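Q: sharing a model that was predicted from the sequence below.
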Amino acid sequence: MTHETVWKTLSSIDVNNKTEKKGNLTYLSWAWAWGELMNHFPQATYTFTEWEYPDGTYKDVLMYPDETCMVECELRIDDISHKMWLPVMDYRNQAVANPNARAISDTKMRCLVKCISMFGLGHYIYAGEDLPSSENSTPIATEKAPVKKKSKLTKAQQADVEKIREIITTHTVFTNNNGGTDMQKQVLQVIDGDPTVGQVNEWLAYVVGEASLYDNEQKDKEYHGRKNTDKVQ
């Protein structure tokens, strides 16, 4: 099993008739996405990250000082795995402070769908495209769609795009051999195209969160490594 095999299989599937619009966002049914994944790769499994808090409890959300939070999903197919982060958001695509259980549950399933997209299924939705790219797909004659106007980003948002680019191309968590190259391609495809404000905000939150989590894990390993060394001495 290779990344290429999985990607070619899932990325050519047209998911348009399984999506729904909510405001300016397009959602793919998690139940259908999971079912389609099972049709091709029934060995796939997923987990949601749990974080340990100072009081010794574990939570399936990573809380921030402003009481907003993120969830993280990891999807594995044999030896291939991808992680995806997603903030708990409202209908305006804004992070929610102190979300309830329903909001967190819905976000986890949306995060699962985005994680599945990292393997190819419906990835073109997040890239702002209308159809999957496939050598075998046959074009259907339709009326020409109106030309989409390019979104105009502010200078601050353009700076955010460059920050995303810097992290995704330099940080170890995105440049290692654990699927880093595939992640880079997807993110760069979005930000080098015509990203929406929502896409910029979401990808910035993701790459910063993923990089921070990795850095914290490395510091924790170094800390425990030093403690173990002290005990041995």
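A: Noted; the coordinates are in hand. Residues are numbered from 1 along each chain as shown.
Q: so the residue nearest the centre of the chain: helix, strand or coil?
A: Note on the chain: the residue nearest the mean C-alpha position is Met84, at 3.6 Å, using C-alpha atoms, centre = their mean. Assigned with DSSP: H, G, I helix; E, B strand; the rest coil, Met84 falls in the strand class.
Q: show me the contacts for it.
A: Glu72, Cys73, Leu75, Cys111, Lys114, Cys115, Met118, Tyr206 (C-beta atoms under 8 Å, 6 or more residues apart in numbering). C-beta: built from backbone N, CA, C; applies to glycine.
Q: need the max-distance pair from the residues you listed.
A: Largest separation among those by C-beta to C-beta: Leu75 and Tyr206, giving 14.9 Å.
Q: ok, what's across the strand from the residue nearest to the centre of the chain?
A: Cys73 (DSSP bridges).
Q: and Asn201, its phi and psi?
A: Backbone torsions of Asn201, given as degrees, to the nearest 10, read phi -60, psi -40.
Q: now do it against Gly193, distance only.
A: To Gly193, Asn201 is 16 Å away according to C-beta to C-beta, to the nearest Å.
Q: neighbour count: the two, which is higher?
A: Asn201 (18 against 13; other C-beta atoms under 10 Å).
Q: the more buried one touches Met89, doesn't it?
A: No: between Asn201 and Met89 there is no contact under C-beta atoms under 8 Å: 9.5 Å.
Q: the residue nearest to Gln199 when sequence neighbours are not counted sits in which helix or strand?
A: Leaving aside its sequence neighbours, Gln199 sits nearest to Val190 (C-beta to C-beta, 6 or more residues apart in numbering; 5.7 Å). For Val190, the element it lies in under DSSP states H and E is helix 180-191.
Q: ok, Ala156 next?
A: Assignment of secondary structure by DSSP H and E places Ala156 within helix 155-170.
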